[in-house]
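Colleague: sequence first, predicted coordinates after that:
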2 protein chains.
Amino acid sequence: MNKWYIEKGDQGDVVLSTRIRLARNIDDYPFPAKLDTAGKNSVNSLVRSVLFENDAKDFSYIEMKNLSRLQAVSLAERHLISPEFAAKKDGSALVLSADESVSIMLCEEDHIRLQVMKSGLALEEAFDIADKLDNMLSSKLNYAFDDRIGYLTQCPTNLGTAMRASVMLHLPALTRCGQMARLANTVSKLGLTIRGAFGEGSQPKGDIYQISNQITLGITEETAIANLKSIVLQLVAQERSAAAEIVKKPADEDKIFRALGILRNARLLSTDEFMELASLVRLGAARGLFEISVEKLNELIVSMQPATVSVANEDAATPSARDAIRAKAVREALA
Amino acid sequence: MNKWYIEKGDQGDVVLSTRIRLARNIDDYPFPAKLDTAGKNSVNSLVRSVLFENDAKDFSYIEMKNLSRLQAVSLAERHLISPEFAAKKDGSALVLSADESVSIMLCEEDHIRLQVMKSGLALEEAFDIADKLDNMLSSKLNYAFDDRIGYLTQCPTNLGTAMRASVMLHLPALTRCGQMARLANTVSKLGLTIRGAFGEGSQPKGDIYQISNQITLGITEETAIANLKSIVLQLVAQERSAAAEIVKKPADEDKIFRALGILRNARLLSTDEFMELASLVRLGAARGLFEISVEKLNELIVSMQPATVSVANEDAATPSARDAIRAKAVREALA
């Protein structure tokens, strides 16, 4: 079964992926922070039984304590779990679909963190899948829900819909034009937040950002999604316009082609350099400078992260061995 | 007719070319520095008549005053004339063979500067051709010659054989290992001199050097050539050994392949950057890292010099236009 990120998505030149995450808790249990391991295991068993008694044959159930540190970090690099969840052991578990489009963290901050990912801009579709799974769970579980304030969550910022919708965007042109600070400020006034999807530096690695709704209280899921979609489409249009200007400049065109030349030839590639060059090449690919699909680059950006490379390659013990393996994989993918 | 530098030469992985230059003067005339334009033209006509009355159908006769500054500098970049000669106008002329292997500067420092170039290491062959042309000229011209001190030349450092034999070497590995200062010191004790073949900086452009004999008095041409050849063969062996070590190092192998990637993809290439990258790629090609002939790189190194690019391309008026034209030509040559 193909992984979700191989699919060609809507607005795929700029939008890498869409994610819907629902936080849910079961009324009969305290929040995970107040549960011991036995209590967490009890919650996890309950949710598992509901999930697996239905047609859940492509789900796998992974106890976090059975994963190595690298395996757990790799899941976080692929945005299948939160970085915080990667550090959890006893009493935390992950339910993962074979195509990795559905992941359910059990006993993260809340009992259930149900996440659906789709390629490209697909907020309604992702919400629809998440909603069906949520309905299935809610038909068997006694959710902690208040008629006035909605779903109860450990962190009050999630109260209400307890839904976080986010879209991962590649914005190399807007970044190069120095527009991101202004845009971040603008979207924050609209109840949205924008931040780097890989690392938290002032310039996000690979110029890849995640934009998500901040407001969950006093708003329906549909409205939150419509707001986010409208802003994303504006960002997409702005990025396209800025990118069209950039690729016309000989010095920038030169940089893009050099980046491709290095990715196709280097024998050693660090993660940071790879992300920087991949961003330039993805910009060129998205503007049709050469015949490389943005989906191939999306896949590389996910699979070339350090822990993911190490998990996939037994001999990637040292950073330099990993850099050689990364360079070889990138060469072969872009040949 | 193919240019001489396209040929595959002996020791061609390290040796680009061999050059023999003979300085000759005609007894009946003062040295050019003491001649007015009419006097120089008289010398030139005399030599021309001797050259062209024989089977000289592939020679062309070029009056320097008829060349633009760029055309003249391009001839110097291709080592067909001296940089000093490129600045000369009235009273100076060049005889050039169609394959550019023979060039005769008339009224440079001496009346006749006869030069023969061959691909690779070919000292005897080049000398043989020069010697035949010299014999032909001497049978008709009254050379300034002294039985005790040999051929008379304006500069006393050329007295004797008045022969300068030089070999152009690509020594990227010895340069990177920091061996060149020591080697230059050693060869100077053996009556030879080594210097950059392109530009005169502390690190010669493209790591290309020219080694030549310094001694012309009290030595035969054969001995001077044998001495030079012996030292060149030692340098070639040392370069090969150093290069074999370098290409085994992952970080250096990475640099070489990146250089190839950039040359194959860049949209803008300055002369200096081109020479730096071409040196790395030639090192890789010479050690069999990829299927690119060193002759193709030799040809590029000659043809991508700034004045030569400008002469060959009408629209190379500005440095940035030239950089774009250079990048395109390099991409196409290495595709």
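Modeller: Right, received. Where do you want to start?

Colleague: return the residues of chain A in contact with chain B.
Modeller: Where chain A comes near chain B, counting by C-beta under 8 Å from any C-beta of the partner chain, the residues are A:250-251, A:253-254, A:257-258, A:260-268, A:320, A:324, A:327. The way it works is simple: take the backbone N, C-alpha and C, and place the C-beta from them, glycine included.

Colleague: mind giving me the PyMOL command for buried ones among those?
Modeller: Selection of the buried residues among these in PyMOL, burial being defined by 16 or more other C-beta atoms under 10 Å in any protein chain shown:
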select buried, chain A and resi 253+254+257+258+260+261+262+263+264+265+266+267+268+324+327
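
Colleague: from B:C155, how far off is the closest residue to A:K88 other than its chain neighbours?
Modeller: Counting by C-beta to C-beta, 6 or more residues apart in numbering or on different chains, A:M64 is the residue found nearest to A:K88 once chain neighbours are left out, at 5.0 Å. Taking C-beta to C-beta, to the nearest Å as the measure, A:M64 falls 84 Å from B:C155.

Colleague: neighbour count winner among these two?
Modeller: Looking at A:M64 and B:C155 with other C-beta atoms under 10 Å in any protein chain shown, you find the greater number of neighbours at A:M64, namely 23 against 11.

Colleague: helices of chain A, start to end?
Modeller: Residue ranges of the helices in chain A, as given by DSSP state H, are A:37-53, A:69-77, A:83-86, A:123-138, A:172-176, A:180-189, A:221-246, A:250-265, A:271-286, A:294-303, A:306-312, A:319-334.

Colleague: now the ones you listed as a markdown table including mean pLDDT?
Modeller: Written out in a markdown table, the entries for the helices of chain A read as follows (pLDDT from 0 to 100):
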| stretch | mean pLDDT |
| --- | --- |
| helix A:37-53 | 95 |
| helix A:69-77 | 95 |
| helix A:83-86 | 95 |
| helix A:123-138 | 96 |
| helix A:172-176 | 96 |
| helix A:180-189 | 94 |
| helix A:221-246 | 97 |
| helix A:250-265 | 98 |
| helix A:271-286 | 97 |
| helix A:294-303 | 94 |
| helix A:306-312 | 93 |
| helix A:319-334 | 96 |
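
Colleague: any idea which residue of the stretch 1-150 of chain A lies closest to chain B?
Modeller: For the stretch 1-150 of chain A, the residue closest to chain B is A:D13, as judged by C-beta to the nearest C-beta, at 21.2 Å.

Colleague: give the buried residues for stretch A:7-24.
Modeller: Neighbour-count burial for stretch A:7-24 flags A:7, A:9, A:11-24 (criterion: 16+ other C-beta under 10 Å).

Colleague: between the residues you listed, which is nearest A:L80?
Modeller: Taking C-beta to C-beta as the measure, A:L80 sits nearest to A:R19 out of these, at 10.1 Å.

Colleague: and A:L121, what is it in contact with?
Modeller: Remark: with contacts taken as C-beta atoms under 8 Å, 6 or more residues apart in numbering or on different chains, A:L121 is in contact with A:G9, A:D10, A:Q11, A:V15, A:T18, A:V167, A:K229, A:V232, A:L233, A:V236.

Colleague: returning to what we had before: is it true that the residue nearest to A:K88 touches A:S82?
Modeller: No: shown here, A:M64 and A:S82 do not form a contact pair, counting by C-beta atoms under 8 Å, at 11.7 Å.

Colleague: what is the nearest of the buried residues of stretch A:7-24 to B:E299?
Modeller: For B:E299, the nearest member of these is A:D13. The distance, counting by C-beta to C-beta, is 40.4 Å.

Colleague: got the phi and psi for the closest one?
Modeller: Backbone geometry at A:D13, expressed as degrees, to the nearest 10, gives phi -60, psi -30.

Colleague: so it versus A:I20, what's the distance?
Modeller: 22 Å.

Colleague: and for A:F52?
Modeller: Using C-beta to C-beta, one obtains 22 Å as the distance from A:F52 to A:I20.

Colleague: again, but for A:D207
Modeller: Computed as C-beta to C-beta, the A:D207 to A:I20 distance reads 24 Å.

Colleague: cool, A:E239 as well?
Modeller: Counting by C-beta to C-beta, the gap from A:E239 to A:I20 is 22 Å.

Colleague: look up the closest residue to A:E109, ignoring the ones flanking it.
Modeller: If the residues on either side of it in the chain are set aside, A:E109 comes closest to A:Q154, at 5.2 Å by C-beta to C-beta, 6+ apart.

Colleague: residues contacting the one you found?
Modeller: Listed by C-beta under 8 Å, 6+ apart, the contact set of A:Q154 reads A:N25, A:F31, A:P32, A:A33, A:E109, A:D110.

Colleague: what's the farthest-apart pair in these?
Modeller: Comparing every pair within the contacts of A:Q154 by C-beta to C-beta identifies A:N25 and A:A33 as the most remote, at 11.2 Å.

Colleague: have a look at those two and say which one is more surrounded.
Modeller: For the pair A:N25 and A:A33, the greater number of neighbours falls to A:N25 (24 against 9), based on other C-beta under 10 Å.

Colleague: and the residue of the stretch 101-250 of chain A nearest chain B?
Modeller: Scanning the stretch 101-250 of chain A for proximity to chain B using C-beta to the nearest C-beta identifies A:P250 as nearest, at 6.0 Å.

Colleague: go ahead and confirm that residue touches B:A266.
Modeller: No: shown here, A:P250 and B:A266 do not form a contact pair, counting by C-beta under 8 Å, at 10.7 Å.

Colleague: quick one: the residue of chain A positioned farthest from its centre and B:D323, what's the gap?
Modeller: Ranked by distance from the centre of chain A (C-alpha atoms, centre = their mean), the top residue is A:P250, with 33.7 Å. Shown here: A:P250 relative to B:D323, a distance of 9 Å by C-beta to C-beta.

Colleague: shared neighbours of the two, anything?
Modeller: Common contacts of A:P250 and B:D323, defined by C-beta under 8 Å, 6+ apart, comprise B:L268.

Colleague: which non-adjacent residue is nearest A:A244?
Modeller: Taking C-beta to C-beta, 6+ apart, and ignoring the residues beside it in sequence, A:A244 has A:R287 as its nearest neighbour in space, at 6.7 Å.

Colleague: how about the residue nearest to A:Q305 when sequence neighbours are not counted, what does it touch?
Modeller: With sequence-adjacent residues excluded and distances taken as C-beta to C-beta, 6+ apart, A:Q305 is closest to A:E77, at 3.8 Å. Residues in contact with A:E77, defined by C-beta under 8 Å, 6+ apart, are A:F198, A:V302, A:Q305, A:P306, A:A307, A:T308.
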